[in-house]
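**Q** got a predicted structure here, sequence first:
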Number of protein chains: 2
Amino acid sequence: MEKKTIAFVLYPGLTPLDLVGPLQVLSVLPGYEVVVVGQTREPVATDTPVRLAASHTFAEVPDPAVVLVPGGMAPTIKAMTDETLLSYLRRAAANADVVGSVCTGSLILGAAGLLEGRQATTHWAFLEQLAALDAKPVRRRWVQDGRVFTAAGVSAGIDLALHLVRTLAGEDVARQVQFGIEYDPEPPFGPLDWAAAPHEFWAPLRRTALDEGLAGSPELSARLLG
Amino acid sequence: MEKKTIAFVLYPGLTPLDLVGPLQVLSVLPGYEVVVVGQTREPVATDTPVRLAASHTFAEVPDPAVVLVPGGMAPTIKAMTDETLLSYLRRAAANADVVGSVCTGSLILGAAGLLEGRQATTHWAFLEQLAALDAKPVRRRWVQDGRVFTAAGVSAGIDLALHLVRTLAGEDVARQVQFGIEYDPEPPFGPLDWAAAPHEFWAPLRRTALDEGLAGSPELSARLLG
């Protein structure tokens, strides 16, 4: 039986943990081949010093069964206007069983028109922007609305990916994978205290990401910044 | 004031989440420059389809303040006999404030002679091998013994990195970073149920990793396999 393909979409400047967390989880899924697709196979910069290189080009993987888009800051906002990337996503999503994102990757899905009327989530600091893209923002760790799976910020991609393994291969397999990556989290200060969320610290970071990312796109800028 | 350097060590075949998890956490630490060091800056394979490329060569970063080694399966075991890598680690560790590892990266630290008499941890399936390297294995999410910081398997690198941020920059900064990566874990099936740990499933995986990784090293093979 031919394996189905899971495609992670790579683009310059992304947050690498958004991609590598769920990639590590899904790369051992039986019956699926995981690939990382990009415009080229050359290494691209991330928002950390590591560079990531794709295994395949967009053209080589037109019809994945699962397509997942990671997020990031200004470069992710900029990717919302990258017609090559958006065209790939629309083409890949046309026949996909699952269309998903991690963190602000959902803003790219929204820009591609793939979230219309869907419940979805994103990084906690960008939920308002998600609403401006015709999605119905939900503040949860991950959200599944039909075939659309979206995760909250960065590390939430790991939780989403385990949920996806359960959906595609059953809970026993997902529990095995969880042991494989020893995912038994112990955040040193416990879970996040949302009452102390640093909204004021993040407001200028969000503003800078949006301003930089949308500098050449007044229309989308007006839509997202109101 | 010149920034101190945090060096993540990249080598072929590693588990990318071991490196990218703590890299994402530490890359925003004030007062520190994070780098990814390797033998070359060319992309190297991982145990997933993504390839990672270093930002610096070993020669360019001889004296980091913090040096961290990620783990993996057979390629990590093989790296235990890579004299170029081991020499770099010994040189880097000589003046470092922190020497650390994620997952089976601690076996590489042990092979470099950097764990003698130290409490340390590793992926749950490799604790016996750690004991064979003169370390004192401890089954915890992360272990700090003096300047040596080791994490359990794969995803534990995120918890260790937050602990390290607290150690180097204080708890307020570490909590900010935790919000940045929205690290508020919700494993879909809850924490790991250690009473149901798949020891039988992992015994042949471990054996294969050790056999393949140590094929050219009978002495170390005898030490680790007994």
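**A** The structure has been received and is ready for your questions.
**Q** going forward, measure contacts and count neighbours with C-alpha atoms only.
**A** OK.
**Q** which residues are contacting the helix or strand bottoming out on mean pLDDT in chain A?
**A** Of all the helices and strands that make up chain A, helix A:218-225 has the lowest average by mean pLDDT, DSSP states H and E, namely a mean of 89. With C-alpha atoms under 8 Å, 6 or more residues apart in numbering or on different chains as the contact definition, helix A:218-225 has outside contacts at A:129, A:132-133, A:210-211, A:214-215.
**Q** point out where chain A drops to low pLDDT.
**A** A:1 (pLDDT under 70).
**Q** residues near A:H199, how many?
**A** 11 (other C-alpha atoms under 10 Å in any protein chain shown).
**Q** check contacts around it.
**A** A:A125.
**Q** for it, give its distance to A:Y11.
**A** The gap separating A:H199 from A:Y11 is 28 Å, by C-alpha to C-alpha, to the nearest Å.
**Q** swap in A:H123?
**A** Taken as C-alpha to C-alpha, the span from A:H123 to A:Y11 is 18 Å.
**Q** again with A:A174
**A** 28 Å.
**Q** ok, now A:K3?
**A** Distance check for A:K3 against A:Y11: by C-alpha to C-alpha, it reads 25 Å.
**Q** ok, A:V99 next?
**A** A:V99 is 17 Å from A:Y11, by C-alpha to C-alpha.
**Q** counting neighbours, go ahead and name the busier of these two.
**A** For A:V99 versus A:Y11, the count of surrounding residues by other C-alpha under 10 Å is larger for A:V99: 29 against 26.
**Q** hang on, the earlier thing: list the buried residues of the least confident helix or strand of chain A.
**A** Judged by neighbour count using 16 or more other C-alpha atoms under 10 Å in any protein chain shown, the buried positions of helix A:218-225 are A:220-221, A:224.
**Q** quick one: it to chain centroid distance?
**A** Distance of helix A:218-225 from the chain centroid (C-alpha atoms, centre = their mean, to the nearest Å) equals 21 Å.
**Q** ok, stretch A:151-170 next?
**A** Distance of stretch A:151-170 from its chain centroid, counting by C-alpha atoms, centre = their mean, is 11 Å.
**Q** is it anywhere near chain B?
**A** Yes: applying C-alpha under 8 Å from any C-alpha of the partner chain, one finds stretch A:151-170 touching chain B at A:152-156, A:159, A:162-163.
**Q** which of those fall within helices?
**A** Among these, the members found in helices (DSSP state H) are A:156, A:159, A:162-163.
**Q** go ahead and confirm A:P43 touches B:P43.
**A** Yes: using C-alpha atoms under 8 Å, A:P43 is in contact with B:P43, at 7.0 Å.
**Q** which neighbours do the two have in common?
**A** Common neighbours of A:P43 and B:P43, counting by C-alpha under 8 Å, 6+ apart, are A:52-53, B:52-53.
**Q** show me where chain A has helices.
**A** Using DSSP H, helices in chain A cover A:16-26, A:74-79, A:83-95, A:105-111, A:127-131, A:156-169, A:171-180, A:199-213, A:218-225.
**Q** next, format those helices as TSV and append distance to B:A59.
**A** Converted to TSV, the helices of chain A look like this (distance: least, C-alpha to C-alpha, whole Å):
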stretch	distance to B:A59
helix A:16-26	25
helix A:74-79	31
helix A:83-95	37
helix A:105-111	37
helix A:127-131	44
helix A:156-169	35
helix A:171-180	34
helix A:199-213	35
helix A:218-225	45
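**Q** give me whichever of these is most buried.
**A** The highest average neighbour count among those, using mean count of other C-alpha atoms under 10 Å in any protein chain shown, belongs to helix A:105-111 at a mean of 29.
**Q** related to what we said a few turns ago, which one of the buried residues of helix A:218-225 sits closest to chain B?
**A** Taking C-alpha to the nearest C-alpha as the measure, chain B sits nearest to A:L224 out of these, at 20.9 Å.
**Q** quick check: that closest one vs A:W202, distance?
**A** 16 Å.
**Q** contacts only, for A:L164.
**A** Contacts of A:L164 (C-alpha under 8 Å, 6+ apart): none.
**Q** ok, it to A:P22 distance?
**A** 9 Å.
**Q** ok, A:G117 next?
**A** Taking C-alpha to C-alpha, one finds A:G117 at 25 Å from A:P22.
**Q** circling back to that earlier point, between the helices of chain A, which one is nearest to B:L17?
**A** Closest to B:L17 of those, according to C-alpha to C-alpha: helix A:16-26, at 5.8 Å.
**Q** got the contact list for that closest one?
**A** A:8, A:10, A:34, A:46-48, A:52, A:69-72, A:102-103, A:153-155, A:157-158, A:160-162, A:165, A:177-178, A:181, B:15-17, B:20-21, B:24, B:48.
**Q** got the contact list for A:Y11?
**A** A:38-39, A:44, A:79.
**Q** cool, A:L162 as well?
**A** So A:L162 contacts A:22, A:25-26, A:174, A:177-178, B:187-188 (C-alpha under 8 Å, 6+ apart).
**Q** same thing with A:A156?
**A** A:A156 neighbours (C-alpha under 8 Å, 6+ apart): A:102-103, A:141-142, B:182-185.
**Q** and those residues as CSV, adding neighbour count and distance to B:S87?
**A** Below are these laid out as CSV (neighbours: other C-alpha atoms under 10 Å in any protein chain shown; distance: C-alpha to C-alpha, whole Å):
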residue, neighbour count, distance to B:S87
A:V102, 34, 38
A:C103, 31, 39
A:R141, 25, 43
A:W142, 26, 44
B:E182, 21, 37
B:Y183, 23, 35
B:D184, 22, 38
B:P185, 22, 37
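**Q** just these: which are in strands?
**A** Counting by DSSP state E, the part of the contacts of A:A156 found in strands is A:W142.
**Q** mind putting the contacts of A:A156 in JSON lines, distance to B:R91 included?
**A** Putting those into JSON lines (distance: C-alpha to C-alpha, whole Å) gives the following:
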{"residue": "A:V102", "distance to B:R91": "39"}
{"residue": "A:C103", "distance to B:R91": "39"}
{"residue": "A:R141", "distance to B:R91": "42"}
{"residue": "A:W142", "distance to B:R91": "44"}
{"residue": "B:E182", "distance to B:R91": "36"}
{"residue": "B:Y183", "distance to B:R91": "34"}
{"residue": "B:D184", "distance to B:R91": "37"}
{"residue": "B:P185", "distance to B:R91": "37"}
